[in-house]
Each structure stands twice: as C-alpha cells, then as structure tokens.
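Novice: Mind folding the following:
(one chain, ligands or ions: 1)
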Amino acid sequence: MTDVLVIGSGPAGYTAAIYAARAGRSVKIITGPQQGGQLMITSFIENYPGFEDPVSGPVLMDQMSRQVQKMGAETVCDVIESVDFSRKPFVCTGESGTVYESKTVIVATGANAKWLGVPGEEKYRGSGVSACATCDGFFFRKKKVTVIGGGNTAVEEAIYLTNFAEKVTLIHRRDTLRAEKVMQKRLTGNPKIEIMWNTRVVEIIGNDSKVTELLLEDTINHDRMKKPTDGVFVAIGHQPAVSVFADQLKIDNDGYIVTTGTHTSVSGVFAAGDVRNPDYRQAIVSAGQGCMAAMDADRFLSAY
Ligand code: NDP
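Specialist: Predicted structure coming up:
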C-alpha cells in the first residue's frame, strides 16, 4: 500500500509525484496509455519556464520522469481500468491485473484532443497538423493557416494565430458559432481572419513532408474544393479522460472532474491538470495543480 497513488504521467502527475515523494510519502505513479501525456506529441515548447532554448515535449517529459525516479517515487507502466473509492484504503486495478491500494489518489489523467478522423490527419500530425495553437503557432510565422471548429477554443486559437500567421481561415461545419458572443465579435473584427461557414474537411493533403492543402466540402450543396494551407489547427474540443472515474467522482456536464481546489467529491481523492480544467490546458498550469494536489494529499495524510 502506498500513501499516494498518482494516476497519469503528464506534467500534473509527474509534479504531484515529485512533491509527494519529497514530502516523505511513499508514491507510485501509474503512467497510463501514453507515458508523458499530451506533450509527447508537441514538437517544441518555448513557454515552459526554465528553458532558454525551445525544448521538445518528449525531452521535457523525460526530464520530469527522471526527476520523479530520483525523488524515490515508483513509476509503473500500467493503465488503471477500475477504481473503488468507497473503500479505505482506495483500490485501483490496472489492466495488468495488479491491484493498487493507496491512502490517497491523485487523478491526473488529462484530456485528449478530439481529432477529425479524416485521411492525412494522422500522417501530418506534427508536420502541419496540430491541436494546440499556443504550442505550435509560432512555427507558422507569415504562413496561411486554418482552424477547424466553432467553439471558444477554435475562436481563441484563430485570434491567437493572427499574432504569427499572415492569414487565418476558420472552417466551421455550421453557419453559427458555439463560441461566446464577445469572442465572436473579436473574431469577425479581425482583418486577418476569414470564416468559411457550412464547410467540412474531407482530407488533409500534403507533399509527404508537410501539409499543403485541404479538400473541403460544402455541407449544404456538397460541392468540393481544394484550399491551400500551411497548417491545420484542429480545435473541435477535448475529451477529459474520466471514464474510469465516472461512477465514483462527481463529473460536470462537460465531462470534467468537479473539484474544490484540487479536492474531488471523495475525501482523499484529488485531481489536477486538464482532467479538471478546460480553461487553460497549459503544461505549466497542470504542473502547478499537480503541486497543489500533492500538498493537499500530504495534509490529508497528516490527519489520516
Ligand atoms: P466545444 O465543444 O465548445 O466546441 C467544439 C466545436 O467543434 C463546435 O463548434 C463543434 O461544432 C465543432 N466540432 C465538434 N466535432 C466536430 C467534427 N467532428 N468536425 C467538425 N467540427 C466539429 O469545445 P471547445 O474546446 O471550444 O470548448 C470546450 C469548453 O471549454 C467549453 O465549455 C468552452 O466554453 C471552454 N473554453 C473556454 C475558454 C474561455 O473561456 N476562454 C477557452 C476555450 C474553451 P458544432 O458547433 O456544430 O457542434
């Protein structure tokens, strides 16, 4: 049995493990399906403090993983398949069949970007296809880029990308945006942004090394056309990874774990990072929340 079981190995999970181990607690971190989390598909990070030059996502996560090990936390490559938070200690079972018992649990399973699922999307991921303008926008200086989606994220990303790109096209499948009115006003008032309504992406086309154009379809008359582009930002929402916790923790209408600070609806279970927070989705924010969750778990353990 451990004092702290951390589920998830992105910046939130690793930071939680570092802080909890450093507080003298016994800690196990269960990596989940993709050790290192979303940053493993981010080419360069220029906004994580402490790195003068851009650091690649996998390098940053490798550093965090080594730091976790150095602190004495045990890293286990497993995926938690079921949890029982009604018992104390809490019981979590991995797909390996291993049963993990812990006095506290920190849920840091993150969220995954939703993808369109069209041909070319996976092939050019990291070579023109991205789901994070804040991470990759800088690489499209003076280029033509396209944002897909009609929610707050898509609108925010389109506006953000005008800081770099020469032209931004927002492609939305309907004729009204889901984004808040104030965001819509900013979008339509920006001379660098054009909006294509009632349009869906059929295929992302490239020259084998990078994206060059999109095959689009009008959703009303089904006419097809090709549109040149240097980059495609897919912003059709994120899916918090909560399925395992759905019947154990309070989840809000958008699918995120409900928290007060980092406390979930079950005393002794904490949540940090994208699994509880749709508004920021930044590595540094997740790391900060991981730290908070570990400190809260430590306080909880002091009274255990
Ligand atoms: P949303 O679910 O709000 O919007 C997703 C958008 O993508 C919708 O316009 C939807 O179209 C479109 N879409 C979904 N699936 C597809 C598909 N397969 N093909 C094409 N288009 C698709 O997600 P967001 O990430 O924008 O926002 C998530 C939450 O986070 C929201 O609550 C939002 O308000 C919040 N948020 C808040 C911010 C802020 O306050 N600053 C910033 C960013 C997010 P359709 O409209 O037709 O369904």
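Novice: does the spatially most central residue of the chain have beta-bridge partners, and which?
Specialist: Central residue of the chain (Cα atoms, centre = their mean): Ala111, 4.5 Å from the mean position. When bridges are called by DSSP bridges, Ala111 pairs up with Pro240.
Novice: ok, it to Val242 distance?
Specialist: 9 Å (Cβ to Cβ, to the nearest Å). Just so you know, the C-beta spots here come from the backbone N, C-alpha and C atoms, and that holds for glycine as well.
Novice: residues from the chain in reach of the ligand?
Specialist: Within the chain, the positions near the ligand by Cβ under 6 Å from any ligand atom are 116, 148-154, 156, 173-174, 178, 236-238, 254, 278-279.
Novice: Generate a ChimeraX selection restricted to the buried entries among the residues you listed.
Specialist: Only the buried entries of these go into this ChimeraX selection, using 16 or more other Cβ atoms under 10 Å:
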select :116,148,149,150,151,152,153,154,156,173,178,236,237,238,278
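Novice: So which of the residues of the chain next to the ligand sit within strands?
Specialist: Residues of the residues of the chain next to the ligand located in strands (DSSP state E): 148, 238.
Novice: Which members of the residues of the chain next to the ligand occur in helices, if any?
Specialist: Counting by DSSP state H, the part of the residues of the chain next to the ligand found in helices is 152-154, 156.
Novice: Can you redo the residues you listed as TSV, where the extra columns are pLDDT?
Specialist: Formatted as TSV, those follow (pLDDT from 0 to 100):
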residue	pLDDT
Asn152	88
Thr153	87
Ala154	95
Glu156	90
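Novice: Now do the contacts for Gly206.
Specialist: Shown in contact with Gly206 (Cβ atoms under 8 Å, 6 or more residues apart in numbering): 120, 123-124, 127-128, 212.
Novice: same question, Ala294
Specialist: 4, 15-20, 23, 106.
Novice: Show me where the stretch 201-304 of the chain has its strands.
Specialist: Assigned by DSSP state E, counting those that start in this stretch, the strands in the stretch 201-304 of the chain fall at 211-218, 224-228, 231-234, 238-240, 269-271.
Novice: and those strands, which one's lowest on average pLDDT?
Specialist: Per-stretch mean pLDDT for those is lowest at strand 238-240 (a mean of 90).
Novice: which residues touch that strand?
Specialist: Contacts of strand 238-240 (Cβ under 8 Å, 6+ apart): 109-114, 153, 254-257, 274-276, 278, 281.
Novice: ok, 6 Å please
Specialist: 111-114, 255-256, 275 (Cβ atoms under 6 Å, 6 or more residues apart in numbering).
Novice: Ok, stretch 276-291 next?
Specialist: By Cβ under 6 Å, 6+ apart, stretch 276-291 touches 11-12, 15-16, 19, 39, 48, 256-257, 259, 272-274.
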